[in-house]
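A.B. asks: Fold the following for me, if possible:
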Amino acid sequence: MKKVEIYDPAMCCSTGVCGPVVDPDLTRIASAVYSLEKKGFTIARYNLTSDPGAFVENEIVNQVLVEKGPEALPVVLVDGEIVKVAAYPTNEELAEWFDTTPADLQEKPRVRVSVNFGK
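C.D. replies: This is a model prediction of the structure:
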C-alpha cells in the first residue's frame, strides 16, 4: 500500500479550512484526506505552523525548503519520493496512487453541533 505525505505551508489550523475566506482547494484536499483515512489508507498532512519538526526531520522536504523557500509548499511525497512541489495533488492523482476512484474522495466530515440558548 502506498504512503502519501503532504507538507502544508503555514496555516492557522490543521486543515487550513477556517477563517472568512476558505481556499476551495484546501476544502477539497481536506475532504479527500478524510475519505482516504476513513477507508484505512496511509496518508498524512503536516502543517508548518503546528508541526515544524516534521519538516526538519524529513531530509527531502528540508532540502526543498532550503533551496526554494516556503513558496515551494505544499510538498507531496509518495513512498518517500517527491511527486509534487508548490501544488496539492488532484483527486485523480490521489485516486490513482491509492487505486480508488475520485468519487470515493469526496466524503465530508460530519460534526454534530449542539446549540444551547442559555437554558
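A.B. asks: what sits up against stretch 77-96?
C.D. replies: Stretch 77-96 is contacted by residues 2-7, 25-26, 28-29, 32, 36, 58, 60-61, 64, 68, 71-76, 97, 100-102, 104-106 when judged by CB atoms under 8 Å, 6 or more residues apart in numbering. Quick note: C-beta positions are derived from backbone N, CA and C, even for glycine.
A.B. asks: now the end-to-end length of that stretch.
C.D. replies: Using CA to CA, to the nearest Å, the end-to-end distance of stretch 77-96 comes to 14 Å.
A.B. asks: Give me the nearest residue to the residue nearest the centre of the chain, chain neighbours excluded.
C.D. replies: Residue closest to the average C-alpha location in the chain (CA atoms, centre = their mean): residue 45, at 4.3 Å. Closest residue to residue 45 apart from its sequence neighbours, by CB to CB, 6 or more residues apart in numbering: residue 6 at 4.6 Å.
A.B. asks: So which elements touch the strand or helix carrying that neighbour?
C.D. replies: Secondary structure assigned from DSSP states H and E places residue 6 in strand 3-8. Counting by 3 or more CB pairs under 8 Å, 6 or more residues apart in numbering; DSSP states H and E, the packing neighbours recorded for strand 3-8 are helix 24-38, strand 42-47, strand 75-78, helix 91-98.
A.B. asks: okay, those, which one's buried deepest?
C.D. replies: Looking across the helices and strands packed on strand 3-8 with neighbours counted as mean count of other CB atoms under 10 Å, the highest average goes to strand 75-78: a mean of 22.
A.B. asks: pLDDT of it, averaged?
C.D. replies: The pLDDT scores in strand 75-78 average 98.
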